[in-house]
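S.K.: just the structure for this:
(one chain, ligands or ions: 1)
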Amino acid sequence: MGVAINRSQINQANKEEIDLITSQFNALTAENDMKWMYLHPKQDEFNFEQADKLVELAAENDMFVVGHTLVWHSQLAPWVFKTAEGDTIDDAELTNRLKNHISTIVGKYKGKIEGWDVVNEALAEDGSYRKSAFFKIGGEGFIENAFRFAHEADPEAELYYNDYNLINADKRDGAIRIVKNLKSKGIKIDGVGVQAHWSLNEPSIEEIETAIEMYAATGVKVMFTELDITVLPSPWEKSTADISTRFENSPTMNPYPESLPDSVQTQLANRYADIFELFNKHSDKISRVTFWGLHDGLSWKNNFPIRGRTDYTLLFDRNMKPKKAYLAVIQTV
Ligand code: XIL
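M.R.: So this is what the prediction gives:
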């Protein structure tokens, strides 16, 4: 059971937070600090300060560390696709840069970071490849290269493909295609990371179960890597009526500004219980569940997809007290 932590937890600013982290979880992900823009801000400059601290915190407490993430189109550094002259790099240069980036980082944390989100969010919703700069320059080869370089740098590390909406059939099949493609070329991939930024209603338990079974059938582990459940209207819900009205009340759409009504607390608890009952049923296929944040006050969902809303996505409230949802999860295990 893992948790994503941010800079203030990495720097151990609040002892209560650290106690909660180390008493409740045994895996850590950096919510931001291991992304390209932070670890490798300039071509000849790496910055490992925060990552080192996270790895140390994990080692002191015997926690598994997930490296998030090596190759992603977002939170990237501006130099990555440009030559010194300002032109766009070619495929060969992209390969060089990926190799340098991945070998340096994975090599540095060899034996310490035990699992890597090697490639994050390379798929479009229809299951085709996302038309990111990585893809436009490198084709699907950038994915193969990334996994190869990661494996060369630390042969023992587990290597994952990570994405959101991986329960939806089209995107799920895209991820399965990636796994099968890598395996057919003899390239190591150990797991599919389903981000799991979910809502009270979607995806359904049946859809999640189908996806777990289909991923496991390809011979990889399944993990739920960024679990949180929004209780607020989500513009992406299939059940949300008309797309033009989805952001109608933004940016102040805030149905529960003070606290979460008891009825919604219960709904959230029931939703978490259903999800964890399913996870337990398939515990032979699922290797990890990581929550995307320690408590409601730290959830990125307070600002996404609409800034300034108050959301209640996690197991602990803003005072770090366990919610009904926490008890519901604990009761399933
Ligand atoms: C999010 C963080 O939670 C935010 O703090 C940051 O501003 C943006 O990124 N998919 C991912 C995560 O793989 O890295 C993202 O994390 C959420 C979506």
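S.K.: pLDDT score for the residue of the stretch 51-200 of the chain found nearest the ligand?
M.R.: Per Cβ to the nearest ligand atom, N120 is where the stretch 51-200 of the chain lies closest to the ligand, at 5.1 Å. Quick note: C-beta positions are derived from backbone N, CA and C, even for glycine. Listed pLDDT for N120 reads 98.
S.K.: right, and it touches D163 too?
M.R.: Yes. With contact defined as Cβ atoms under 8 Å, N120 reaches D163; the gap is 6.8 Å.
S.K.: next one: the helix or strand hosting V3, is it in contact with the ligand?
M.R.: Per DSSP states H and E, V3 falls inside strand 2-5. No. Contact of strand 2-5 with the ligand (Cβ under 6 Å from any ligand atom) is absent, the minimum separation being 6.9 Å.
S.K.: and the contacts of that strand?
M.R.: 21, 24-31, 54, 64, 66, 68, 225-226, 288-294 (Cβ atoms under 8 Å, 6 or more residues apart in numbering).
S.K.: now the strands: where do they sit in the chain?
M.R.: 2-5, 27-30, 64-71, 115-120, 158-163, 191-194, 197-199, 221-230, 286-291 (DSSP state E).
S.K.: so what sits opposite I5 in the bridge?
M.R.: A30 (DSSP bridges).
S.K.: begin at 57 from now on, thanks
M.R.: That works, and once the first residue is 57, the last one we named lands at I61.
S.K.: buried set for stretch 220-233?
M.R.: Neighbour-count burial for stretch 220-233, with 16 or more other Cβ atoms under 10 Å as criterion, is recorded at 220-224, 227-228, 230-233.
S.K.: and what of stretch 90-101?
M.R.: Buried residues in stretch 90-101, counted by 16+ other Cβ under 10 Å: 90-96.
S.K.: which among the residues you listed gets closest to Y165?
M.R.: Comparing those against Y165 with Cβ to Cβ places M90 closest, at 9.2 Å.
S.K.: you'd agree the closest one is up against E105?
M.R.: No. M90 lies out of contact with E105 (Cβ under 8 Å); the separation is 11.5 Å.
S.K.: shared neighbours, the two?
M.R.: Between them, M90 and E105 share no contacting residue under Cβ under 8 Å, 6+ apart.
S.K.: got the residues of this protein near the ligand?
M.R.: Residues of the chain found near the ligand (Cβ under 6 Å from any ligand atom) are 87-88, 176, 220, 251, 282, 356.
S.K.: export those residues to JSON lines and append columns for distance to A189.
M.R.: What follows is those, written out as JSON lines (distance: Cβ to Cβ, whole Å):
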{"residue": "E87", "distance to A189": "24"}
{"residue": "N88", "distance to A189": "21"}
{"residue": "N176", "distance to A189": "14"}
{"residue": "Y220", "distance to A189": "19"}
{"residue": "Q251", "distance to A189": "21"}
{"residue": "E282", "distance to A189": "23"}
{"residue": "W356", "distance to A189": "24"}
